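Visitor: Output the structure for:
(2 chains)
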2 protein chains.
Amino acid sequence: MEIKSEWDILAKIKSAIDTRGVRKPPRLIMGIGDDCAVFEVNGDRYGLITTDISIEDRHFRRALSSPQDIGFKAMMSNISDIASMGGAAQYAFISIGIPQSCAEEYVLALYDGMIDAANMAGVALAGGDISKSAHLVLNIALYGEARKRHLTTRSGAKPGDIIYLTGALGDSRAGLEILLSGETSAADRYPALMEKHNRPVARFGIVTEIIQMFNPTSMIDVSDGVLSELWHICEESKCGFRLIEDKIPLSADLRRYAAEKNRGPLDYALHSGEEYELLFTSPKDITRTMSVNINKIPVTVIGSITEKGFVTVRNSREAEAPISGFDHFKEQ
Amino acid sequence: MEIKSEWDILAKIKSAIDTRGVRKPPRLIMGIGDDCAVFEVNGDRYGLITTDISIEDRHFRRALSSPQDIGFKAMMSNISDIASMGGAAQYAFISIGIPQSCAEEYVLALYDGMIDAANMAGVALAGGDISKSAHLVLNIALYGEARKRHLTTRSGAKPGDIIYLTGALGDSRAGLEILLSGETSAADRYPALMEKHNRPVARFGIVTEIIQMFNPTSMIDVSDGVLSELWHICEESKCGFRLIEDKIPLSADLRRYAAEKNRGPLDYALHSGEEYELLFTSPKDITRTMSVNINKIPVTVIGSITEKGFVTVRNSREAEAPISGFDHFKEQ
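Guide: Model (predicted):
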């Protein structure tokens, strides 16, 4: 039978593991289902592990991105997964499948990009595996740790909680559009959009402050698109959301670029993955009376958690949210 | 510049990480260079992580092996890496790149094989990633733990130590030869050789006993070939070896099969990777006076550690060992 979708095959794999796999693995707090697996390592801390595979012509194109950027993004997306659970990434394990067409310099440039991202977050490259391959393949497994009281999953959101977002959305999508279009003049005029797409910096640097200030009930990183991430939180927390689209922060560059293209900036913001902003929920209504910036990163209210239903609000008009994450199996 | 060899590009990557990466990562005991990375998780135990990538037409062929066997071997090779450092594997993280040509049933059969191997060693499948891919790619990252006093690396062998080996060598190579030849009659006549190639069981079940009985100074699993593994130990331990080839244990099936092919069984034993037997060194001379079997697995003396030089002995004749591991980049 042909594979229907990423979610469908994943559900069947999970079911096989639940049915046939090791029952109640000792000290495993969370297995498949969140950004990372979580397990007990000592009295104070949980160990977190996440893994991500990047495959040529699926996740990146060698003709469009520099090897440094490909390596940087692959590492940063894993660092973001650890941060989104309240942890700090520590050790990275890199598997690489190298095609004949990759010169030594190209491979070392990939590692340069990975080291750049790892250094920003204090991550050590601690192991890996190398093979030849018909296509370039990069898999990163990342180990991190979280203080037990800092652990934040997708499953704790409660009706009435406020939905917060760090930074702004849409820049990465606009940057990708410019990259795909090959318009070098646009790339020159919008360096910040290109930077956000090519070298996104995950919010690992402010996650401790977010936890201390907001004590979030749930958290996730925006890697597939804001609606998809909200849906993940609501699935795991058994609740609904009300997203005020008009409140989604948009950069001045995105507004200018979208105007140039005769499109609304929200078209970009709503359908932008690889943003690596943090989306979290909290009962604390901090930003009502003050605007919050942590290390110059704005934190903005973009909606609220409800009992059920997925609702978006634009220009005061309510609509049902079109829920569809980025699915690697449905992709063209 | 074209990549010269796996070892060459690995050395350059290590050098880049050493030069540009995070300096003295906190609590990292060992990074790149052994079967696993080792880091401190609590007062009693080290955390161990290993990762292995398996790529279609490099590590396996879909036409030759069942998906269950492909999954089983991929998982078992990682379990073996953890065992070879004295640890017990706990949580597995599976990344898979799935080609269009793989039906849902095929993918689930791969997971069945991985679950079979994981269950044998008490390993839980705790996370992963899925993508489409032009070729089938499987990456497993495995977390395990070792009691601190059980940790056994490649670097502690001392001149005068005895070299021990579990089980027998060569069966996996003979099984592969039968598989590649397509001789179904040979496959039927030598089920044990096929089993050793298709479903090798790593020695995780006796590693604690080995440590308690022998207190090994170094240990490694035979995944690339016995000479290559001895060379790894001697590189890390700064010593030499004297391998008595005549003492390498050979199964009765291998002897029969080799005779049928007019070859010496040692031709198979010396060039057989994927055996997942444990090779270790110890000053304890236990087997001089008694034969040692642990859970029916024989443990055999096959040589000794020397000050320097790589020497093999066959029919009492000494020769210089031809050192060449299995290199994925030199492979045809």
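Visitor: Check the secondary structure at residue A:204 for me.
Guide: helix (DSSP: H, G, I helix; E, B strand; the rest coil).
Visitor: for the closest residue to it other than its chain neighbours, phi and psi?
Guide: Taking Cβ to Cβ, 6 or more residues apart in numbering or on different chains as the measure, residue A:204 lies nearest to residue A:83, with 4.0 Å between them; neighbours along the chain are not counted. C-beta: built from backbone N, CA, C; applies to glycine. Note on residue A:83: its backbone torsions stand at phi -60, psi -40 [degrees, to the nearest 10].
Visitor: from memory residue A:83 sits against residue A:221, does it?
Guide: Yes: with contacts counted by Cβ atoms under 8 Å, residue A:83 reaches residue A:221, the gap being 6.9 Å.
Visitor: okay, and the common contacts of those two?
Guide: Common neighbours of residue A:83 and residue A:221 (criterion: Cβ atoms under 8 Å, 6 or more residues apart in numbering or on different chains): A:202-203, A:278.
Visitor: Closest one of the residues you listed to chain B?
Guide: residue A:202 (16.4 Å; Cβ to the nearest Cβ).
Visitor: Now do that closest one, the pLDDT please.
Guide: According to the prediction, residue A:202 has pLDDT 97.
Visitor: Distance of it relative to residue B:70?
Guide: Using Cβ to Cβ, to the nearest Å, residue A:202 is found at 34 Å from residue B:70.
Visitor: Name the nearest residue to the residue most central in space within chain A, sequence neighbours excluded.
Guide: In chain A, the centroid-proximal residue (Cα atoms, centre = their mean) is residue A:223; its distance is 2.9 Å. Once its chain neighbours are removed from consideration, residue A:223 has its nearest residue in residue A:273; the separation is 5.6 Å (Cβ to Cβ, 6+ apart).
Visitor: what about that neighbour, how many neighbours?
Guide: 18 (other Cβ atoms under 10 Å in any protein chain shown).
Visitor: What's the end-to-end length of stretch A:124-142?
Guide: Between the opening and closing residues of stretch A:124-142 lies a distance of 10 Å (Cα to Cα, to the nearest Å).
Visitor: can you pull out the helices in chain A?
Guide: Listed from the start of the chain, chain A has helices (DSSP state H) covering A:6-20, A:67-83, A:104-120, A:171-181, A:184-189, A:191-198, A:207-214, A:226-237, A:252-260, A:265-270.
Visitor: counting contacts, what elements does the last one pack onto?
Guide: Same thing as helix A:265-270. Counting contacts by 3 or more Cβ pairs under 8 Å, 6 or more residues apart in numbering or on different chains; DSSP states H and E, the secondary-structure elements packed against helix A:265-270 are helix A:171-181, helix A:226-237, helix A:252-260.
Visitor: 10 Å - rerun?
Guide: In this structure, helix A:265-270 makes packing contacts with helix A:171-181, helix A:226-237, helix A:252-260, strand A:310-314, judged by 3 or more Cβ pairs under 10 Å, 6 or more residues apart in numbering or on different chains; DSSP states H and E.
Visitor: Next, give phi and psi for whatever residue of the stretch 151-300 of chain A ends up closest to chain B.
Guide: Using Cβ to the nearest Cβ, the closest approach of the stretch 151-300 of chain A to chain B is made by residue A:223 at 11.4 Å. Note on residue A:223: backbone dihedrals following degrees, to the nearest 10 are phi -110, psi -20.
Visitor: Quick check: it vs residue A:80, distance?
Guide: Separation of residue A:223 from residue A:80 (Cβ to Cβ) stands at 7 Å.
Visitor: between those two, what contacts are shared?
Guide: Contact criterion Cβ atoms under 10 Å, 6 or more residues apart in numbering or on different chains; residues bridging residue A:223 and residue A:80 by contacting each: A:35, A:52, A:200, A:202, A:274-277.
Visitor: domains in chain A, as residue ranges please.
Guide: Under the assignment automatic domain parsing, the domains of chain A span A:6-150, A:162-320.
Visitor: Return the most buried member of those domains.
Guide: By mean neighbour count, with neighbours taken as mean count of other Cβ atoms under 10 Å in any protein chain shown, domain A:6-150 ranks first of those at a mean of 21.
Visitor: re the thing from before, give me every residue that touches the residue nearest to residue A:204.
Guide: With contacts defined as Cβ under 10 Å, 6+ apart, residue A:83 is in contact with A:35-36, A:48, A:76, A:89, A:121, A:144, A:146, A:152, A:202-208, A:210, A:219, A:221, A:276, A:278.
Visitor: try 6 Å
Guide: When contacts are counted by Cβ atoms under 6 Å, 6 or more residues apart in numbering or on different chains, residue A:83 is found next to A:202-204, A:207.
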